[in-house]
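Asker: Got a predicted model here, sequence first, then my questions.
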Amino acid sequence: MRVVLIIAAVALLYVSAPAGAATRKAGGPRVVSPKVCAAAKAASKRSGRAPRRAASRRRALLLRRCAAAKSRTLVGSSRAALIGVPAGAFSAPAPFATAPAPTADAAAAPTPAPVPTPSGPVLPPIYSNPYAVQVQGFEFGLQLSKAAVSAGDVRVEFNLARAEDPHNLWLVREDGAGSAYTFDEEPSGAVVAKTLALTRGRWKLFCSLNGHEAAGMRAVLTVG
């Protein structure tokens, strides 16, 4: 009976030889089937007498291969157990999450352009400045912001915001003395200012376009 078992074990060893040969060609250890290992162990336990030398060597070689295969399995399992995960459960780590791209709402608001400051001294408004007067022209009349100003350099503003047609403006002393001043013809909506040297006396203001003075575009400014 033991001879039959030994022969069976040897036969199983040769049956598994092709897979082992392929493994050796690949450079790895010979793989022994668990069935072959079980049959060899059973034959070793049941044999009462010492088998033949050749069969004994084959069986001993087979048992060593089975022990080596078991040892490799235990080593792989123990390495996996050291880090708390089963063997073969390792996976590639997940990539780090990248920060989301900034949206348009998160972009920095544009810096407002600085407001330029006017050069030169800041003049008081026309209604409170004794050296300033506004002359509004319209169809058909001239309206002064004040009836009198102080003699000297007077800022005269010719304002056509209320006009519908183009107009001009003349400033002439009633007595005919001194220099006359004029504003060129301007379209409706125009606002033009000049600083004029006005002397003491009464100044006549009018639009010289055809028929405009006669229609009512005239006024008198007192300079004192």
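Answerer: That came through fine. Everything numeric in this text was worked out from a predicted model, so none of it was measured.
Asker: quick one: which helix or strand includes Glu213?
Answerer: For Glu213, the enclosing helix or strand under DSSP states H and E is helix 212-215.
Asker: mind listing what's buried in the following helix or strand past that helix?
Answerer: Note on helix 212-215: by DSSP H and E, the next helix or strand toward the C-terminus is strand 218-223. The neighbour-count check on strand 218-223 (16 or more other CB atoms under 10 Å) flags Arg218, Ala219, Leu221, Val223 as buried. Heads up, the C-betas are built off the backbone N, CA and C, glycines and all.
Asker: Quickly run through the sheet partners of strand 218-223, with directions.
Answerer: Within its sheet, strand 218-223 is paired with strand 148-149 (parallel), strand 201-206 (antiparallel), according to DSSP bridges.
Asker: which phi and psi does Leu196 have?
Answerer: Dihedral pair for Leu196: phi -120, psi 140, per degrees, to the nearest 10.
Asker: Is it in contact with Ala180, as I believe?
Answerer: No - between Leu196 and Ala180 there is no contact under CB atoms under 8 Å: 10.2 Å.
Asker: which residues do those two both contact?
Answerer: Taking CB atoms under 8 Å, 6 or more residues apart in numbering as the criterion, Leu196 and Ala180 both touch Leu171.
Asker: Tell me which of those two has more neighbours.
Answerer: Higher neighbour count among Leu196 and Ala180: Leu196, with 15 against 11, using other CB atoms under 10 Å.
Asker: circling back to that earlier point, a markdown table for the strands paired with strand 218-223, including distance to Thr111, mean pLDDT and mean neighbour count?
Answerer: A markdown table is the format used below for the strands paired with strand 218-223 (distance: least, CB to CB, whole Å; pLDDT from 0 to 100; neighbours: other CB atoms under 10 Å):
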| stretch | distance to Thr111 | mean pLDDT | mean neighbour count |
| --- | --- | --- | --- |
| strand 148-149 | 44 | 97 | 18 |
| strand 201-206 | 47 | 97 | 19 |
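Asker: Make TSV from the ones you listed and add distance to Ala132 to it.
Answerer: Shown next, in TSV, are these (distance: least, CB to CB, whole Å):
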stretch	distance to Ala132
strand 148-149	7
strand 201-206	15
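Asker: Quick one: closest of these to Glu185.
Answerer: Among those, the nearest to Glu185 by CB to CB is strand 201-206 (13.4 Å).
Asker: Can you pull out the residues in contact with the closest one?
Answerer: Residues contacting strand 201-206 (CB under 8 Å, 6+ apart): 135, 142, 144, 169-175, 177-178, 212-213, 217-223.
Asker: Please list only the buried members of these.
Answerer: Those of the contacts of strand 201-206 that meet the buried threshold are 135, 142, 144, 169-173, 212-213, 217-219, 221, 223, by 16+ other CB under 10 Å.
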